[in-house]
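> Give me coordinates for this.
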Amino acid sequence: MAPSTVAERERGRSRDTGASAGAGASSAADAALRLRDEPLSYAAVGATQAPDLLYFPPKGYRPVERQARIGSGTARFEVASAKLMAWGVQRGAGIDVGEVLLPAPTSADYVGIRYDEFGTPLGPKRAAHEQEYAPDGTPLASPGATAVLTIRLLGLPFKAPVRVVYQVDERGRRGFAYGTLPGHPVSGEESFVVEHRADDSVWVVVRAFSRGSTWFYRLGAPFVRAVQTRSLKRYLSALSPARGL
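The predicted structure follows:
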């Protein structure tokens, strides 16, 4: 076989491989964009904020709450909450966080123009909340943002699409909650909040309610619960000082 023929075939294979990779990336991006229009897969949106969640969860759902002390002091609170808002709890638990997309812009996002006292336009007004980003460029968790979490079990990847349903930004409390989208193994909501309490201690609090999203996952409820229990332990340890945070 002539060398030129071998080289041409190799170039052809390279082009085919590049085209396949490009098509795969495009397909993943398209799927992520479609998630922005998908409804949540449960009805009780925001119920993780209810004080009596553990006693009166949404009908048919299993509630859970876990918390762990992760230090003390204002500096500790600031560092831990910043990590949490950058999806640090999920990543620290071994979950891949990908395809983070902000909500599609709407006409309601327009905030108008600023003018000086003579009527000269100075530029757009600042929105009440501006999107912030982690050092790696990932959008921080903010209401309406969607993400595709990838959970690996027995070496197999399971996609878990979610949408941030609310954000907590109060004195001494910072965090967010996300709800499940179609395609997630479970249906429900999880919240992740870092608290700086009156005794100067800093805690991470995880609350959730869930059930299997399909008959298949409901049939395997004991296994799903075991996975969730493992995930909860990893969530709590993700912000631990022992991990160098």
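> buried residues in stretch 43-51?
Within stretch 43-51, the residues scored as buried using 16 or more other C-beta atoms under 10 Å are Ala44, Ala47, Thr48, Ala50. To be clear about C-beta, it is placed using only N, CA and C from the backbone, and glycine gets the same treatment.
> Quick check: mean pLDDT of it?
Predicted confidence along stretch 43-51 averages 94 (mean pLDDT).
> gap between the two ends of that stretch?
18 Å (C-alpha to C-alpha, to the nearest Å).
> And the contacts of it?
Contact partners of stretch 43-51, identified using C-beta atoms under 8 Å, 6 or more residues apart in numbering, comprise 53, 56-58, 61, 165-166, 177, 179, 189-191, 207-209.
> mind redoing it with 7 Å?
For stretch 43-51, the external contacting residues (C-beta atoms under 7 Å, 6 or more residues apart in numbering) are Leu53, Pro58, Val165, Tyr166, Ala177, Gly179, Glu189, Glu190, Ser191, Arg207, Ala208, Phe209.
> which residue packs closest to the fifth one, ignoring adjacent ones?
If you skip the residues right next to it in sequence, Ala177 has Ser191 as its closest partner in space, 3.6 Å away by C-beta to C-beta, 6 or more residues apart in numbering.
> Can I take it that the one you found is in a helix?
No - read with DSSP: H, G, I helix; E, B strand; the rest coil, Ser191 is strand and lies in no helix.
> so what's it up against?
Contacts for Ser191 (C-beta under 7 Å, 6+ apart) come out as Thr48, Gly175, Ala177, Arg207.
> Following the chain onward from the longest strand seen in the chain, which element is next?
The longest strand of the chain (DSSP state E) is strand 156-170. Downstream of strand 156-170, the next assigned helix or strand under DSSP states H and E is strand 173-180.
> Please enumerate the helices of the protein.
3-35, 74-85, 88-92, 215-219, 221-238 (DSSP state H).
> The ones you listed: lowest mean pLDDT?
Among the helices of the chain, helix 3-35 has the lowest mean pLDDT, at a mean of 54.
> thinking again about what came up before, show me which of the contacts of Ser191 is closest to Arg76.
For those, the residue nearest Arg76 by C-beta to C-beta is Gly175; the value is 15.0 Å.
> Tell me who's in contact with the closest one.
Gly175 is in contact with Leu84, Val168, Ser191, Phe192, Val193, Val194, counting by C-beta under 7 Å, 6+ apart.
> any idea how far it is from Glu195?
8 Å (C-beta to C-beta, to the nearest Å).
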